[in-house]
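**Student:** Pasting the sequence and the predicted coordinates here, then a few questions.
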Amino acid sequence: WLKHRLNEAKQAFRKKTLPALSPAKLISYTHRRDARLARNSAELMEAVLISLRRLQEKLHGRTPLAPFLWDLSDNGKSGRPKSEDRLTDFLKHHLEGDLPTFVIDREVQIRNLKEHGIGERTDLKIEAKDHDGRSISVIIESKGCWNDGLMTAIQSQLYGRYLKLASEACGIYLVGWFHCGRWEGKNNCVFKGTKEELFTELNAKANLINDGKARLNVFVLDATY
């Protein structure tokens, strides 16, 4: 009897808190190959990762977006990467426009996480609701390849500051990769190998943190131009 009453309460809560899909909207989703249902944080993270892969394609597409992540010289032949703040704003703008094509029937909110300190905005939180109305979320910790904490922040910040405290959340450690000949003056890239080698090293750290739970992923965004 108690289990039955609990199920009834859950159904009533869903009807009250989750918006209903109109028949036209439901039919439109069945025709979209890229539409995804995010029922938990892991599925929401997969939707975000797919969206980031789409962004990667746009950075080097026919009309590349990568130049917008650089402060270029007057002749456009050299420059320096934009700040981590601007990289994070760029990611936020992309995800706000792109995620609705992946997440079905969930109001997805994307916001900057402000730390103590003026203008420190290097993290994003993507939130939605599961079928019981509970919050599901993905934290993105973004770092430029010049950041001194590049190889340690995946543990100390993304896991230690967020995922360790939010047991249901998932995380993406995103690195903006700008290591190329266009970088004007001293190249301050902390990691001296290739972006593939960087991914391999960070992914090994993520696997140790995950301990088989697959809550943390690494994404190296190639912004070379």
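**Tutor:** In hand now; what should we look at? Just so it is clear, the model here is predicted, and its values are computed rather than measured. Residues are numbered from 1 along each chain as shown.
**Student:** Can you mark which positions in stretch 71-87 are buried?
**Tutor:** Within stretch 71-87, the residues that count as buried by 16 or more other C-beta atoms under 10 Å are 79, 80, 81, 82, 84, 86, 87. From N, CA and C alone the C-beta is placed, and that goes for glycine too.
**Student:** meant to ask about stretch 154-162, not that
**Tutor:** So, applying 16+ other C-beta under 10 Å, buried residues of stretch 154-162: 154, 155, 157, 158, 159, 161, 162.
**Student:** Tell me which residues are up against the longest helix along the chain.
**Tutor:** In the chain, taking DSSP state H as the definition, the longest helix is helix 41-59. Outside helix 41-59, the residues that touch it by C-beta atoms under 8 Å, 6 or more residues apart in numbering are 34, 36-38, 64-66, 69, 91, 94-95, 98-99, 102-103, 126, 128, 136-138, 140, 168-172, 174, 214-215, 217, 219, 221-223.
**Student:** pLDDT wise, what is the residue most central in space within the chain at?
**Tutor:** In the chain, the residue lying closest to the centroid (C-alpha atoms, centre = their mean) is residue 140, at 4.5 Å. In this model, residue 140 is scored at 92, pLDDT.
**Student:** Which strand or helix spans it?
**Tutor:** Using DSSP states H and E, residue 140 maps to strand 135-144.
**Student:** swap in residue 218?
**Tutor:** With DSSP H and E as the test, residue 218 turns up in strand 216-222.
**Student:** all strands for the protein, in order.
**Tutor:** 70-72, 79-81, 109-112, 123-129, 135-144, 170-177, 216-222 (DSSP state E).
**Student:** Return the most buried member of those strands.
**Tutor:** With neighbours taken as mean count of other C-beta atoms under 10 Å, those reach their highest mean count in strand 170-177, at a mean of 25.
**Student:** name the helices or strands packed onto that one?
**Tutor:** With contacts taken as 3 or more C-beta pairs under 8 Å, 6 or more residues apart in numbering; DSSP states H and E, strand 170-177 sits against helix 41-59, helix 84-98, strand 135-144, helix 195-210, strand 216-222.
**Student:** so which of the ones you listed comes closest to residue 183?
**Tutor:** strand 135-144 (11.5 Å; C-beta to C-beta).
**Student:** and the very next helix or strand once past the closest one, average pLDDT?
**Tutor:** Remark: after strand 135-144, the chain's next helix or strand is helix 153, criterion DSSP H and E. Here helix 153 scores 95 as its mean pLDDT.
**Student:** could the strands of the chain be laid out in a markdown table, adding distance to residue 210?
**Tutor:** A markdown table is the format used below for the strands of the chain (distance: least, C-beta to C-beta, whole Å):
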| stretch | distance to residue 210 |
| --- | --- |
| strand 70-72 | 33 |
| strand 79-81 | 29 |
| strand 109-112 | 24 |
| strand 123-129 | 19 |
| strand 135-144 | 14 |
| strand 170-177 | 10 |
| strand 216-222 | 5 |
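**Student:** Cool, thanks, talk later.
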